[in-house]
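A.B. asks: coords please:
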Amino acid sequence: MSRSVVIDCFPEHVERYADGWAVVAVDVIRATTTAITAVDLGHPCYPVPTLEVAVALSARLDNPLLIGELGGKVPYGFDLGNSPADVSLLTERSRPLILLSTSGTRLMCNATSSDAAYVACLRNLSGQVAYLAGRHDRIAVVGAGARGEFREEDQLCCAWLAEGLCGHGYAPADEQTAEIVQRWHGASVDAINQGASARYLRETAQMHDLDFVVHHVDDIDGAFAVVDEQVVRVS
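C.D. replies: Numbering: from 1, shown residues only. The predicted model follows:
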């Protein structure tokens, strides 16, 4: 059977890949970067699709931290925003984190309807590709998107993941996938500094997260998946 990879965007599009596909969720700025940073440092991390689920889960877990944003705002009662830079500074490394975001955590949760749900950002590019290659015949790399846009940072990350899989014998599943891979081939990570997400972080004095994303590329040798409501390292 031939192997293929497709690039798509938005949490609601995951339903296209429910049967026979593995889905890789990508939200570089910032949910998947936050989740992978947390797990790499030893935190159990639970992505949730809604505020209601976050509140219910917090009652079940032992002393969790609520982190995240909705519409760019930190919900009332949350401990931190959706910030990989801030998470990297937490000292209680075994404390569980409940992560909520406008698009990224919905994407991660929706991905569990597929045969396998993975989580990727710029930090685990090589590790994720190495783990996926040959394990699944059909892989959908899906960006979270924001405000109806397939943001530059997610396009770049999805393209690099897909390009890596093509190097292992996968073929682009459609013309859009091939075009996105070609567009970002050989690009510099600094290209995301010109995007709408980067502009939002600059305008809201959250440059520490933009700097964190740009300066942490392929520095985690591992793959990550959503298993039993939790983001876990699988290699």
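A.B. asks: where does the chain dip in pLDDT?
C.D. replies: 1 (pLDDT under 70).
A.B. asks: can you give me the strands for it?
C.D. replies: 4-9, 22-26, 45-48, 65-68, 97-100, 116-120, 138-143, 171-172, 224-227, 230-233 (DSSP state E).
A.B. asks: just the CA coordinates of the third one, formatted as PDB?
C.D. replies: Spelled out, it's strand 45-48. Coordinates of each C-alpha in strand 45-48 appear next as PDB, following Å, rounded to 0.1, in the frame of the first residue of the first chain:
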ATOM      1  CA  CYS A  45      -0.300  17.600  30.700                       C
ATOM      2  CA  TYR A  46      -4.000  17.400  29.900                       C
ATOM      3  CA  PRO A  47      -5.400  19.400  26.900                       C
ATOM      4  CA  VAL A  48      -9.100  20.200  27.200                       C
END
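A.B. asks: Any idea how many residues pack against the nearest residue to residue 94 once chain neighbours are set aside?
C.D. replies: If the residues on either side of it in the chain are set aside, residue 94 comes closest to residue 42, at 5.9 Å by C-beta to C-beta, 6 or more residues apart in numbering. Bear in mind the C-beta positions are built from the backbone N, C-alpha and C, glycine included. By other C-beta atoms under 10 Å, the residues close to residue 42 number 11.
A.B. asks: And for the one 3 residues further on?
C.D. replies: When neighbours are defined as other C-beta under 10 Å, residue 45 has 28 of them.
A.B. asks: beta partners of it?
C.D. replies: residue 97, residue 231 (DSSP bridges).
A.B. asks: pretty sure it is touching residue 96, no?
C.D. replies: Yes: applying C-beta atoms under 8 Å as the test, residue 45 and residue 96 come out as touching, 7.4 Å apart.
A.B. asks: Could I get the full set of helices for this structure?
C.D. replies: Taking DSSP state H to define them, one finds helices in the chain at 31-40, 51-60, 84-87, 104-110, 125-132, 152-166, 175-184, 196-203, 207-215.
A.B. asks: Mind putting the ones you listed into CSV with mean neighbour count and distance to residue 78?
C.D. replies: As requested, those are exported to CSV (neighbours: other C-beta atoms under 10 Å; distance: least, C-beta to C-beta, whole Å):
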stretch, mean neighbour count, distance to residue 78
helix 31-40, 27, 13
helix 51-60, 14, 8
helix 84-87, 22, 12
helix 104-110, 28, 13
helix 125-132, 21, 28
helix 152-166, 25, 23
helix 175-184, 16, 33
helix 196-203, 16, 18
helix 207-215, 18, 16
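A.B. asks: re earlier: could you measure the residue nearest to residue 94 against residue 90, distance?
C.D. replies: According to C-beta to C-beta, to the nearest Å, residue 42 stands 10 Å off from residue 90.
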